[in-house]
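In: no sequence for this one, just the structure:
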């Protein structure tokens, strides 16, 4: 109950940014603003997760083709540079703002702020061992140990081990530490994105300078 009350407070505090994000998505990419997807949480129960839309409207249709091309059996399907993402969507992803609507899921009691990440239908095939289901023994979270410990670089087995470890050692202190680490990861991603943009600008300057000599 306390966590759900905290989620309400966070929704109120974040509402100016969320309203601005809603307006930007609507103006830049059109409707829908909110992306809804069926995920599987506590004990495998399905629920609808909410996110700000960061991809084109054809994203779900293209998912299967991209998964066949770049998917790895031992890892969740995640693309470092997803061609389906919009320009604004990339910014929202790097800043974690796309996940903020999930505060509604927390208020509804379907998720917690910290916990195992809920997975979509397309990832259910990874559950091939009895131990994998242990990660479903707790409510899923907006962020967790997997997100701050390597994320896409980890295999599904490694993710499950981290989730089970978290559920076995969960405490307020542990949750606060993971929340702080999440902020650190977000700041790091923003820094890397800025470096990449700066690198592209420099490369463009070099090409332009070289072109003047022709």
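Out: Looks like it arrived, so ask away. Bear in mind the structure is a predicted one, so any value in this text is a computation, not a measurement.

In: So which residues of this protein form strands?
Out: Secondary structure of the chain (DSSP state E): strands at 34-40, 46-52, 112-114, 119-120, 141-143.

In: The residue sitting nearest the centre point of the chain and residue 132, how far apart?
Out: Centroid-nearest residue in the chain, with C-alpha atoms, centre = their mean: residue 99, separated by 6.2 Å. In this view, residue 99 and residue 132 are 24 Å apart by C-beta to C-beta, to the nearest Å. C-beta: built from backbone N, CA, C; applies to glycine.

In: Please name whichever of the strands of the chain is nearest to residue 27.
Out: strand 46-52 (13.5 Å; C-beta to C-beta).

In: elements contacting the closest one?
Out: With contacts taken as 3 or more C-beta pairs under 8 Å, 6 or more residues apart in numbering; DSSP states H and E, strand 46-52 sits against helix 2-28, strand 34-40, helix 102-107.

In: Switch these over to a markdown table; also include distance to residue 136, mean neighbour count and mean pLDDT.
Out: Shown next, in a markdown table, are these (distance: least, C-beta to C-beta, whole Å; neighbours: other C-beta atoms under 10 Å; pLDDT from 0 to 100):
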| stretch | distance to residue 136 | mean neighbour count | mean pLDDT |
| --- | --- | --- | --- |
| helix 2-28 | 19 | 13 | 95 |
| strand 34-40 | 7 | 15 | 94 |
| helix 102-107 | 16 | 21 | 97 |
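
In: Now tabulate those in JSON lines and tack on distance to residue 53.
Out: Shown next, in JSON lines, are the helices and strands packed on strand 46-52 (distance: least, C-beta to C-beta, whole Å):
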{"stretch": "helix 2-28", "distance to residue 53": "6"}
{"stretch": "strand 34-40", "distance to residue 53": "4"}
{"stretch": "helix 102-107", "distance to residue 53": "14"}
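
In: Who are the contact partners of the closest residue to residue 8 other than its chain neighbours?
Out: In space, residue 8 comes closest to residue 107 once its chain neighbours are excluded; the distance is 5.8 Å by C-beta to C-beta, 6 or more residues apart in numbering. Listed by C-beta atoms under 8 Å, 6 or more residues apart in numbering, the contact set of residue 107 reads 4, 7, 8, 11.
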